[in-house]
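**Q** just to be clear, the model below is a prediction. Sequence and coordinates:
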Amino acid sequence: MKPIKTIALILAFMLLLCSCSGGKTETVTGGIYMLATGKAGGTYYSFGTCLASVWDKYTQSSTNIATTSGSVQNIEMLLKENADFAFVQNDILYYALEGKEMYEENPQKGLSVVANLYSEYAQFVVNASSEITTIPDLAGKTVAVGKYGTATEAAARQILEAYGVTYDMITVKYQTFSEAMDGLNSGSIQAAFAVSSLPSANILEYSQTHEIRFLPVSLTQSAAFKRSCPFFRDGMILNEVYGTSNSVSTVCIDVLLICRNNMPAANVFSITKALFDNTDEVAAGHAKGEDINAVTASETLVGSIHSGAKQYFEAPAEETKKDSKKENEETSSEAE
């Protein structure tokens, strides 16, 4: 028995060395996963359902979709191992990892990025007839900044402060854009803030009966702004999105697919490969699928890419295409 045990130990050690050597990760099939998304009917939920259907198809896995209140709950579910994958805004992930905002003095660890999926845009909205044209013009005005303690409200506060406007210089309304629409219409609120993908359903609804304008925002406003909010990237709200008279600069946050650090590399590799080898199917299944690609997916401003996903993104393109073609043929053959 001793020789057999010795051989088993040697084999186990050799397998461990191979897994750490940076060699090719093999795909795995048949996993059972939980994906934490967002509210039922929302973009996170519908897009998550699309992504899971694609990766389940090519990995023969079974993924359950969890409806949640969003990024904060999703992180909690991951850390408690009640979810395997989750959608998270990169500003929330930054706060969690650094112990800031809603995670003040309580940094969270054990989270990795699988992929950067798409961007959500900061949008300061005013009526087109308003004399407000810049962020500093908001001083002395009433502004809806989002619900208190949310990522939206934190982003509004940070952008305002970058332009020298603090909360004690404005009348703050802790309202969502949908709640602020009546105030914008009546004039009791002069500006409303939202963070969403484009177009925002609420802003689009308001723009159909009111002419609107967006206040420009840029990371170049101050070096301190860029240092304190490293999760922002520059973006643009094109005029055709809402039918405004001109396009305007703004800042964006990224929507990430994340997982726990301890998720096996082979599983994460397989999920990543299934998605990014089949982006055409993702795009056909959901409008947001048109935004994802393997180039930008690995470009995260916050956190680190999980080793399994990293191995996929760093693999030679011809190798992944070859493997993808072989696996797709095998899947088609099995289906027949």
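**A** All right, it came through fine.
**Q** what ranges do the strands span in this protein?
**A** 32-36, 62-66, 85-89, 111-127, 142-144, 171-173, 191-196, 212-214, 233-237, 248-260 (DSSP state E).
**Q** which one of the ones you listed lies nearest to Phe269?
**A** strand 111-127 (10.0 Å; Cβ to Cβ). For glycine as for every other residue, the C-beta is placed from the backbone atoms N, C-alpha and C.
**Q** quick check, distance from that closest one to the centre of its chain.
**A** 6 Å (Cα atoms, centre = their mean, to the nearest Å).
**Q** re earlier: in a markdown table: the strands of the chain, plus mean pLDDT and distance to Phe225.
**A** Output for those, formatted as a markdown table (pLDDT from 0 to 100; distance: least, Cβ to Cβ, whole Å):
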| stretch | mean pLDDT | distance to Phe225 |
| --- | --- | --- |
| strand 32-36 | 97 | 31 |
| strand 62-66 | 98 | 35 |
| strand 85-89 | 97 | 18 |
| strand 111-127 | 97 | 12 |
| strand 142-144 | 98 | 18 |
| strand 171-173 | 98 | 20 |
| strand 191-196 | 96 | 16 |
| strand 212-214 | 97 | 18 |
| strand 233-237 | 95 | 12 |
| strand 248-260 | 97 | 9 |
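**Q** turn these into JSON lines, columns for mean neighbour count and distance to Gln73.
**A** Converted to JSON lines, the strands of the chain look like this (neighbours: other Cβ atoms under 10 Å; distance: least, Cβ to Cβ, whole Å):
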{"stretch": "strand 32-36", "mean neighbour count": "20", "distance to Gln73": "7"}
{"stretch": "strand 62-66", "mean neighbour count": "16", "distance to Gln73": "9"}
{"stretch": "strand 85-89", "mean neighbour count": "26", "distance to Gln73": "9"}
{"stretch": "strand 111-127", "mean neighbour count": "22", "distance to Gln73": "14"}
{"stretch": "strand 142-144", "mean neighbour count": "23", "distance to Gln73": "23"}
{"stretch": "strand 171-173", "mean neighbour count": "16", "distance to Gln73": "25"}
{"stretch": "strand 191-196", "mean neighbour count": "24", "distance to Gln73": "17"}
{"stretch": "strand 212-214", "mean neighbour count": "21", "distance to Gln73": "30"}
{"stretch": "strand 233-237", "mean neighbour count": "17", "distance to Gln73": "25"}
{"stretch": "strand 248-260", "mean neighbour count": "23", "distance to Gln73": "13"}
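**Q** quick one: which of these is nearest Phe276?
**A** strand 111-127 (7.5 Å).
**Q** phi, psi of Ser197?
**A** phi -70, psi 170 (degrees, to the nearest 10).
**Q** so for it, what's the pLDDT?
**A** With respect to pLDDT, Ser197 scores 92.
**Q** grab the nearest non-local neighbour of it.
**A** Spatially, and ignoring its direct neighbours in sequence, Ser197 is nearest to Glu120 (5.1 Å; Cβ to Cβ, 6 or more residues apart in numbering).
**Q** follow-up on the earlier one: columns distance to Cys50 on top of the strands of the chain, output as TSV?
**A** Shown next, in TSV, are the strands of the chain (distance: least, Cβ to Cβ, whole Å):
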stretch	distance to Cys50
strand 32-36	11
strand 62-66	10
strand 85-89	12
strand 111-127	11
strand 142-144	32
strand 171-173	35
strand 191-196	18
strand 212-214	29
strand 233-237	23
strand 248-260	12
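**Q** so which of those strands comes closest to Glu101?
**A** Going by Cβ to Cβ, the one of the strands of the chain nearest Glu101 is strand 85-89, 11.8 Å.
**Q** partner strands of the closest one and their direction?
**A** Partner strands and pairing direction for strand 85-89 (DSSP bridges) are strand 32-36 (parallel), strand 248-260 (antiparallel).
**Q** of the ones you listed, which is nearest Lys100?
**A** strand 248-260 (14.5 Å).
**Q** quickly list the domain ranges of the chain.
**A** Following automatic domain parsing, the chain resolves into domains at 25-118+255-335, 120-253.
**Q** and these, which one averages the lowest pLDDT?
**A** Across these, the lowest-scoring stretch is domain 25-118+255-335, with a mean of 90.
**Q** that older thread, out of the strands of the chain, which comes closest to Glu179?
**A** Among the strands of the chain, strand 142-144 comes nearest to Glu179, with 7.1 Å by Cβ to Cβ.
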